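1. Here's my sequence, what's the structure:
(chains A and B)
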Amino acid sequence: MNTATQKKLFDSLVEIIRKTSTDLPKDVIQSVQKGHSCEEQGSRGDYAMRIIEKNVQLARLKSQPLCQDTGSILFYVHYPWKMDSEILAKLIRKAVVAATKKGYLRQNSVDSLTGKNNGTNVGPGTPSLHLEPWKKDHFDIRLMLKGGGCENVGAQYSLPDSRIGSGRDIAGVKKCILDAVYQAQGKGCGPGILGVTIGGDRATGYASSKEQFLRKLTDKNSNPTLAQLEQECLREANQLGIGPMGFGGKTTLMGVKVSALNRLPASFFVSISYMCWAFRRQGATVTSKGEIKKWLY
Amino acid sequence: MIQLAAPFTEEKIRALKVGDMVEITGVVFTGRDAVHKWLHEGHELPVSFPAGFKGGIIYHCGPVVMKKKGKWIVTAAGPTTSIREEPYQAGIIEKFGLKAVIGKGGMGEKTRQACQKFGCVYLHAVGGAAQVLAEAIQEVEDVYGLEQFGSPEAIWQLRIVKFPVVVTIDSHGQSLHKDVDAHSSTKLSELMTTISAKAKK
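-> Numbering: from 1, shown residues only, chains lettered A, B, ... in the order given. As a prediction, this is how the structure comes out:
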């Protein structure tokens, strides 16, 4: 990859970060509007949703972060197999530093031992890069920004769990999901979206639960068992009455996305990631010349 | 919509009830983790600043503030999670006679009791709504502890206009967080029972 192409790819990466941080994807905006319409006019839920919608418009208009917590930076990239992945990783880190300087990202990466923040968002573990080569000659670059408030209310269950009466079956999984929503109350900045993974180990389970957020809210799970579970959990969670911001109301969740991984006979994990209403994920097809060809959401 | 404008008298605060939707106009002071811990340790604020902190409103917020042409401008200012200040809040409400605490996610039993005893309320802002809330900030009047605490943790004195919040803990012992928790807990038990019954069939 020559210098000119690298420069173009760098610019495209900065633009993907800007758009992700300041502009909610269409499917999420539609869900926010749908959630808003379910709230009784003049209620606290309606009030919260009105502020949320206004915030979405303002952020896009001003090209400023939707939320001041610009979150964990999670890149999911497919790249042409001939490309040097080290160069790609370097370009992404450089783009993160530039986007932080421009104010699209907050200085958000703290040394866990010293408490120091070098202000660049680059350090051990940040940004988080998932880079996979493929046989195509273009890039598929997706980005998720996940704030700390919602990350803190994620939960992992090891079944059987006698506290909530969950066995190793779909009914048990469902109980985990509803319990996690109850535990989160309004603390995750709802109405939220859940990414859930049944099985895997503790690490792959959580990783896969986050990858569920790459799915469009409008899609349908191709596995009928999981599709049914998603629908039922969404419907039942919205009966809990927690509502937007935990103010009480009908829209507690806007979506539930579930995947299943194989597990060891000894383990049965249910890993649940919670995404706040400020569901920042975007992605683009980027040509081999480094230019954005098409937005993916 | 209830308008709550300065001065924030005990009478105005006592009139607020859980669930009220309120717009605040006046001066507030930001304070988050470092400031709460520091005040709790017994440190005193200088007499000159911040005027009005006593008997005023504290906002759990780490704003993004930029200096443009010698003037501070707030570009993002949503609330941060309040529960981290639970160990300190009640004591600070008592010591400084705070009339309101703005934040998100709610607070616990100690704060609820302090609100009741000393005539304070907890006002819940919409988490993530950084742009709407920054728009409601008209002016940065002053800042204290910028070097000591760093920008996000400093005490920023902000003039706000029609800043939207919901009363979720009032000065009469009521807490919306407690109510919503209790209601959703009952509903959760019902759903769990139904799931178990269906699974047995």
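
2. Let me know how buried the closest residue in space to residue A:60 that isn't next to it in sequence is, in neighbour terms.
-> Leaving out its chain neighbours, the residue that sits closest to residue A:60 by CB to CB, 6 or more residues apart in numbering or on different chains is residue A:23, at 4.8 Å. All C-beta spots, glycine's among them, are computed from the backbone N, C-alpha and C. Around residue A:23 there are 19 other residues, counting by other CB atoms under 10 Å in any protein chain shown.

3. List the residues that contact residue A:23.
-> The neighbours of residue A:23, taking CB atoms under 8 Å, 6 or more residues apart in numbering or on different chains as the test, are A:59, A:60, A:66, A:282.

4. Roughly how far does it sit from residue A:48?
-> When CB to CB, to the nearest Å is the yardstick, residue A:23 and residue A:48 sit 21 Å from each other.

5. Please apply the same query to residue B:129.
-> Between residue B:129 and residue A:48 the distance is 9 Å, computed by CB to CB.

6. Then residue B:83?
-> As defined by CB to CB, residue B:83 lies at a distance of 19 Å from residue A:48.

7. Give the residue from these two that has the larger number of neighbours.
-> Residue environment comparison for residue B:83 versus residue A:48 gives the larger neighbour count to residue A:48, 33 against 18, counting by other CB under 10 Å.

8. Excluding residues flanking it in the chain, which one is nearest that one?
-> Nearest residue to residue A:48 in three dimensions, chain neighbours excluded: residue A:244, at 3.9 Å (CB to CB, 6+ apart).

9. likewise residue A:239?
-> In space, residue A:239 comes closest to residue B:187 once its chain neighbours are excluded; the distance is 5.9 Å by CB to CB, 6+ apart.

10. how about the strand or helix carrying the one you found: buried residues?
-> Residue B:187 is part of helix B:176-200 when elements are defined by DSSP states H and E. Neighbour-count burial for helix B:176-200, with 16 or more other CB atoms under 10 Å in any protein chain shown as criterion, is recorded at B:176, B:177, B:178, B:180, B:181, B:184, B:187, B:188, B:191, B:192, B:195.

11. correct me, but the fourth one touches residue A:185?
-> Yes - counting by CB atoms under 8 Å, residue B:180 does reach residue A:185; the two are 6.7 Å apart.

12. tell me, what's touching those two both at once?
-> Common neighbours of residue B:180 and residue A:185, using CB under 8 Å, 6+ apart, are A:242, A:246.

13. May I ask you to confirm that the residue nearest to residue A:239 is in contact with residue A:237?
-> No - proximity of residue B:187 to residue A:237 does not meet the contact threshold set by CB under 8 Å, at 10.0 Å.

14. Give me the common contacts of those two.
-> Residues touching both residue B:187 and residue A:237 by CB under 8 Å, 6+ apart: none at all.

15. count of residues packed around residue A:33?
-> Neighbours of residue A:33 under the rule other CB under 10 Å: 12.

16. what residues does the helix holding residue B:187 touch?
-> Outside of helix B:176-200, the residues within contact range by CB under 8 Å, 6+ apart are A:164-165, A:167, A:169, A:171, A:174-175, A:178-179, A:182, A:185-186, A:236, A:239-243, A:246-248, B:18-19, B:106-107, B:112, B:124, B:166-169.

17. quick one: which of these sit in helices?
-> Filtering the contacts of helix B:176-200 for membership in helices, criterion DSSP state H, returns A:171, A:174, A:175, A:178, A:179, A:182, A:236, B:112.

18. ok, the longest strand seen in chain B near chain A or not?
-> Of all the elements of type strand in chain B, the one with the most residues (DSSP state E) is strand B:155-169. Yes - counting by CB under 8 Å from any CB of the partner chain, chain A is contacted by strand B:155-169 at B:164, B:166, B:168.

19. which of the residues you listed has the most neighbours?
-> Taking other CB under 10 Å to define a neighbour, the member of the residues of strand B:155-169 next to chain A with the most is residue B:168, carrying 31 neighbours.

20. Quick one: residues contacting that residue.
-> Under the criterion of CB under 8 Å, 6+ apart, the neighbours of residue B:168 are A:247, B:18, B:19, B:106, B:122, B:123, B:124, B:175, B:176, B:177.

21. Per-residue pLDDT of it, please?
-> If you check residue B:168, the pLDDT there is 98.

22. contacting residues for residue B:127?
-> Residue B:127 makes contacts with A:67, A:149, A:189, A:245, A:276, B:78, B:79, B:104, B:105, as judged by CB under 8 Å, 6+ apart.

23. Give me the domain ranges for chain A.
-> Chain A is divided into the following domains under automatic domain parsing: A:3-22+A:66-147+A:280-295, A:149-275.

24. so which of the ones you listed gets nearest residue B:71?
-> Of all the domains of chain A, domain A:3-22+A:66-147+A:280-295 sits nearest to residue B:71, with 16.9 Å by CB to CB.

25. That closest one - what's its average pLDDT?
-> Rounded mean pLDDT across domain A:3-22+A:66-147+A:280-295 is 96.

26. chain center to that domain, what's the gap?
-> The chain centroid and the centroid of domain A:3-22+A:66-147+A:280-295 are separated by 15 Å under CA atoms, centre = their mean, to the nearest Å.

27. Just the endpoints, please. Distance across it?
-> For domain A:3-22+A:66-147+A:280-295, the separation between the terminal residues is 24 Å (CA to CA, to the nearest Å).

28. hmm, it touching chain B?
-> Yes - using CB under 8 Å from any CB, we find that domain A:3-22+A:66-147+A:280-295 touches chain B at A:66, A:67, A:68, A:69, A:103, A:106, A:147.

29. Considering the residues you listed, which possesses the most neighbours?
-> Using other CB under 10 Å as the contact criterion, the top neighbour count among those goes to residue A:66, which has 30 neighbours.

30. and it, what element?
-> No secondary structure element spans residue A:66, as it lies outside all helices and strands (assigned by DSSP H and E).

31. what about residue B:179, distance to residue B:168?
-> As judged by CB to CB, residue B:179 and residue B:168 stand 9 Å apart.

32. can you tell me which of the contacts of residue B:168 lies nearest to residue A:115?
-> Comparing the contacts of residue B:168 against residue A:115 with CB to CB places residue B:106 closest, at 26.5 Å.

33. Apart from its neighbours in sequence, what residue is nearest that closest one?
-> Nearest-residue entry for residue B:106: residue B:177, 3.6 Å, with adjacent residues in sequence omitted and distances by CB to CB, 6+ apart.

34. hey, where'd the helices end up in the chain?
-> Going with chain A. Taking DSSP H to define them, one finds helices in chain A at A:3-22, A:26-38, A:44-62, A:85-101, A:148-151, A:170-184, A:202-211, A:224-237.

35. my bad, chain B
-> Chain-ordered helices for chain B, with DSSP H as the definition, fall at B:10-14, B:33-40, B:86-96, B:109-118, B:130-135, B:146-149, B:176-200.

36. how about the ones you listed in CSV, adding mean pLDDT and distance to residue A:210?
-> Converted to CSV, these look like this (pLDDT from 0 to 100; distance: least, CB to CB, whole Å):
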stretch, mean pLDDT, distance to residue A:210
helix B:10-14, 97, 42
helix B:33-40, 91, 27
helix B:86-96, 95, 29
helix B:109-118, 97, 33
helix B:130-135, 94, 23
helix B:146-149, 86, 33
helix B:176-200, 96, 25
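
37. before we move on, the earlier item: let me know the closest of the ones in helices among the contacts of helix B:176-200 to residue A:215.
-> Using CB to CB as the measure, the one of the ones in helices among the contacts of helix B:176-200 that approaches residue A:215 most closely is residue A:174, at 19.5 Å.

38. Look at residue A:291 and say how many residues are nearby.
-> Other residues within reach of residue A:291, judged by other CB under 10 Å, total 15.

39. Chain B versus that one, what's the distance?
-> Computed with CB to the nearest CB, to the nearest Å, the distance linking residue A:291 and chain B is 30 Å.
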